[in-house]
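Sequence below, structure please.
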Amino acid sequence: MAHAIIDLNGTYTETGPFARGLGAAEPGPHVRLDRILEQVDRIVRKSRIKTVVIHRSEKFSAPSLGALEGIRLALMQLRQAERHLVYYAADYSFDDLYLSSVCTTRIIHRLGTVSFLGRAMSRLYFAQLLSRHGISVDVIRHGKYKSAMTPLTEERVDSFDREQLEHILNLMVDRVRTIVGTEVIPSGTALDALLAGQIVDAQSAVEKGWMERIDDLQGIKDSLRDEKSRPAKSRRAKGRIGASGPRVALYFFDGAIDHGTNRRSPLLGRVVGSDWYVEQLKKVRDDTSTQALVLRVNSPGGSASASEDIRREILRIREKKPVIVSMGPVAASGGYWISTSASRIFAHKFTVTGSIGVITGLFLLRDFLARRGITSSVLRSGDHADLGSALRPMTAEERRIFEEQIDRIYDEFVQIVSASREMDAEAVRDVSGGRVWTGEDAMERGLIDELGDIRAALDYTADALGVSSVQVRFGPVVRRPLVERLLAGRIPSAADPLALIGRLGDQDTEGYTAAEGATLGSNRMLLEPTLVGMARECLHLSGRPLALWTGGITPYYSTATEPEGSSNTSSESMR
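Reported below is the predicted structural model:
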């Protein structure tokens, strides 16, 4: 008899980064869904592994309930395979009670507590910061819910964004409450008290029957050893699951969408280059040994034209073999655009999808550059030769030109959805306007086909191929030099908005307190590279039509409580 340990230690990601080079390094550690899927598959196929311990460390964080749902559904496979699931965390929060609802045993630390405070969304707004540095943004959009640029133009959430986000937040918390009430805390009164702010100590949680016992991780390991259970051997990840059947490619698309190659952006985080990804998809199309493609999409969107390049390559694959989409935590805007190419779309209940709309932002950097002693001269032949320039404000005529372009691309987006989902164009417009929906909402509105995880998508693919099982190979494969792998996670990331704020400052200290000015002055060597990087990204995005959901500009920090030190404006406006 043997046991295995699944360690939830780090920040959730779907897969490893696609971008290469030390400059693309991401803060670690990470909890990768692809690695969890592989570990779960190995445990299910090893009948001697009877017990699985899920250890949630203090470093674990998931950006959304959709990420937690992906992990929970993977663990559900172990429950269905009749494994004894033991969940251990020092403290049990909202997230822990949800994840542990699939487990048969819950163990808590002697000094731990149980809480169920709900879920909060906190967002960072950069309007004042950009203004202080002489950067302004003029936004043109089609869709009143299209809020990708509001973190750069506003100081708090707007009414339309509040409407859609409160709907999603309340729906998700209600669903989790139902699950936790069924599997962990059957007393509705007790759950209401926890949601109202009650925190229960470990001993009381055991007495109430919510926890089986008090112990620590080493104590759990000792108990398993006393039961003659040996730890299962750890194995190197191979990027594959399934032992027999036709070969199926499971390709992850994890990041914002742009042209060119992969990179890491100060504004967008992970960025997947369409040129690179189309080349990877072409390998699947040309590989005669691969019978089908399951595309796992976790993307807030990005460039409309880059999204279309990827969509068209997927359609070429569909001419030769089945293509199924499995949506991850987010498959919105451009992420939904590329998903429409599949013959069948699966999504989690907590997937955030939709956001059918188009937006662009015109960045004006003239004052920013002038403060750093940079001036410009423009010579042009043609009244609008420098259309969209970040060095001058646009005219009313130029704004009309951009609005026509945005409207045209929005109409194209609607037609793509109408054709792929077999919906009337007006019906598509009714659920568009840039609004995001949960997976359940999307199912009711005809934007997806089925609720389910990657396993459900793979089972459907096997049925489509007329077989009972398939061999799955993960992709795309990105090979990294040894030194890059060794340093991964040890280099600070400029794409972290919290790190960005900590490093942003002004050339002078005007407008700051004496203490703030002294701090900024002592960090000037760090400030300018970050500002220049942000300015470069503004220039890159300026005037480009984007099928981008708000999550692509500044991620939400979703926690059981507001992050320490969050401003009154941010926390108050999101509640």
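
Run through this protein and note the low-pLDDT ranges.
21-25, 480-544, 546, 548-575 (pLDDT under 70).

How is it partitioned into domains?
2-120+165-231, 247-376+389-475 (automatic domain parsing).

Can you tell me which of these is nearest to residue 157?
Nearest of the domains of the chain to residue 157, taken as CB to CB: domain 2-120+165-231 at 7.2 Å. Any C-beta I mention is one placed from the backbone N, CA and C, and that applies to glycine too.

and that closest one, how far out from the chain's middle?
19 Å (CA atoms, centre = their mean, to the nearest Å).

ditto for stretch 113-127
Worked out by CA atoms, centre = their mean, stretch 113-127 lies 16 Å from the chain centre.

what about it, how long is it end to end?
39 Å (CA to CA, to the nearest Å).

before we move on, what about stretch 110-121?
So stretch 110-121: terminal residues 30 Å apart, CA to CA.

again, but for stretch 154-162
13 Å.

ok, back up a step: take the domains of the chain and lay them out in TSV including mean neighbour count and distance to residue 147.
Below are the domains of the chain laid out as TSV (neighbours: other CB atoms under 10 Å; distance: least, CB to CB, whole Å):
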stretch	mean neighbour count	distance to residue 147
domain 2-120+165-231	18	9
domain 247-376+389-475	21	7
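
Of all these, which one is nearest residue 136?
domain 247-376+389-475 (4.6 Å).

now do the same end-to-end measure for that closest one.
13 Å.

How about stretch 459-471?
Span of stretch 459-471 from end to end, CA to CA: 11 Å.

Quick one: residues in contact with that stretch.
240, 242-248, 291-292, 294, 322, 324, 344, 346, 450, 452, 458 (CB atoms under 8 Å, 6 or more residues apart in numbering).

Stretch 59-74 now?
8-12, 14, 29, 31, 33, 36-37, 40, 95, 98-99, 101-102, 119, 172, 176, 328-330, 348-352, 453-455, 555-558.

Let's see which of these end up in strands.
8, 11-12, 31, 328-330, 352, 557-558 (DSSP state E).

quick revisit: for residue 153, find the nearest of the domains of the chain.
So among the domains of the chain, domain 247-376+389-475 is nearest, using CB to CB, at 7.9 Å.

Distance from that closest one to the middle of the chain?
Distance, centroid of domain 247-376+389-475 to centroid of chain: 13 Å (CA atoms, centre = their mean).

try stretch 373-384
39 Å.

Dump the C-alpha coordinates for it into PDB.
Taking C-alpha atoms only, stretch 373-384 is exported to PDB below (Å, rounded to 0.1, in the frame of the first residue of the first chain):
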ATOM      1  CA  GLY A 373      14.200  66.100 -21.500                       C
ATOM      2  CA  ILE A 374      13.000  64.400 -24.700                       C
ATOM      3  CA  THR A 375      11.400  66.500 -27.400                       C
ATOM      4  CA  SER A 376      10.100  65.500 -30.900                       C
ATOM      5  CA  SER A 377       9.600  66.800 -34.400                       C
ATOM      6  CA  VAL A 378       7.300  65.200 -36.900                       C
ATOM      7  CA  LEU A 379       7.600  65.600 -40.700                       C
ATOM      8  CA  ARG A 380       4.600  64.200 -42.600                       C
ATOM      9  CA  SER A 381       3.300  64.000 -46.100                       C
ATOM     10  CA  GLY A 382      -0.500  63.500 -45.700                       C
ATOM     11  CA  ASP A 383      -2.800  65.000 -43.100                       C
ATOM     12  CA  HIS A 384      -3.000  61.900 -41.100                       C
END
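
Now do that stretch: everything it contacts.
With CB under 8 Å, 6+ apart as the criterion, stretch 373-384 contacts 366, 369, 386, 389, 391-392, 397-398, 401.

One more: stretch 438-448?
168, 171-172, 327, 336, 345-354, 417, 421, 423, 427, 431, 437, 449-451.

Now intersect the residues you listed with the helices, please.
Under the assignment DSSP state H, the contacts of stretch 438-448 contribute 168, 171-172, 336, 417, 421, 427 to helices.

Pick out the most distant pair among those.
Every pair of the ones in helices among the contacts of stretch 438-448 checked by CB to CB; the farthest is 172 and 427, at 25.4 Å.

Name the helix or strand for the closest residue to residue 321 other than its chain neighbours, please.
The shortest distance from residue 321 to any non-neighbouring residue, by CB to CB, 6 or more residues apart in numbering, is to residue 292 (5.2 Å). If you go by DSSP states H and E, residue 292 is part of strand 290-299.

So in that sheet, which strands flank that strand, and in what orientation?
With DSSP bridges as the test, strand 290-299 is paired with strand 247-254 (parallel), strand 323-332 (parallel).

Turn the domains of the chain into TSV, columns for distance to residue 128.
Formatted as TSV, the domains of the chain follow (distance: least, CB to CB, whole Å):
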stretch	distance to residue 128
domain 2-120+165-231	21
domain 247-376+389-475	14
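
Can you say which of the ones you listed is nearest to residue 134?
That would be domain 247-376+389-475 among the domains of the chain, by CB to CB, at 3.1 Å.

Provide the backbone phi and psi angles at the closest residue to residue 274 other than its chain neighbours.
Among residues not flanking residue 274 along the chain, residue 306 sits closest, at 3.8 Å (CB to CB, 6+ apart). The phi/psi pair for residue 306 (degrees, to the nearest 10) reads phi -70, psi -40.

quick one: residue 306 and residue 261 touch, right?
No: Residue 306 is not in contact with residue 261 according to CB atoms under 8 Å; the separation is 11.5 Å.

who touches both of these two?
residue 273.

so how far is the first residue of stretch 390-403 from its last?
Stretch 390-403 end-to-end distance (CA to CA) = 17 Å.

oh sorry, the question was meant for stretch 426-446
End-to-end distance (CA to CA), stretch 426-446: 13 Å.

now swap in stretch 235-253 and tell me
Per CA to CA, the first residue of stretch 235-253 is 25 Å away from its last.

which of the ones in strands among the contacts of stretch 59-74 sit farthest apart?
So, those by CB to CB: farthest apart are 8 and 352, at 21.7 Å.

what ranges do the strands span in the stretch 201-350 of the chain?
213-214, 230-231, 240-241, 247-254, 256-258, 263-265, 269-273, 290-299, 301-303, 323-332, 344-347 (DSSP state E, counting those that start in this stretch).

which residues are in contact with the first one?
Residues from elsewhere that reach strand 213-214, judged by CB under 8 Å, 6+ apart: 107-110, 112, 202-203, 206.

Which single one of these is nearest to residue 314?
residue 107 (44.8 Å).

Which secondary structure state does the closest one sit in?
Classification of residue 107 using DSSP: H, G, I helix; E, B strand; the rest coil returns strand.

Just to check, the residue nearest to residue 321 is in contact with residue 318?
No: with contact defined as CB under 8 Å, residue 292 does not reach residue 318; the gap is 10.1 Å.

what about dumping the CA coordinates of stretch 327-341 to CSV?
Listed next in CSV are the C-alpha coordinates belonging to stretch 327-341 (Å, rounded to 0.1, in the frame of the first residue of the first chain):
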residue,chain,number,x,y,z
MET,A,327,-12.0,27.0,-21.2
GLY,A,328,-9.9,27.7,-18.1
PRO,A,329,-10.4,30.4,-15.5
VAL,A,330,-10.7,33.1,-18.2
ALA,A,331,-11.6,32.8,-21.9
ALA,A,332,-12.9,36.2,-22.6
SER,A,333,-12.8,38.7,-25.5
GLY,A,334,-9.9,37.5,-27.8
GLY,A,335,-9.9,34.3,-25.7
TYR,A,336,-13.5,33.7,-26.7
TRP,A,337,-12.7,34.8,-30.3
ILE,A,338,-10.2,32.0,-30.8
SER,A,339,-12.5,29.5,-28.9
THR,A,340,-15.3,30.0,-31.5
SER,A,341,-13.2,27.9,-33.9
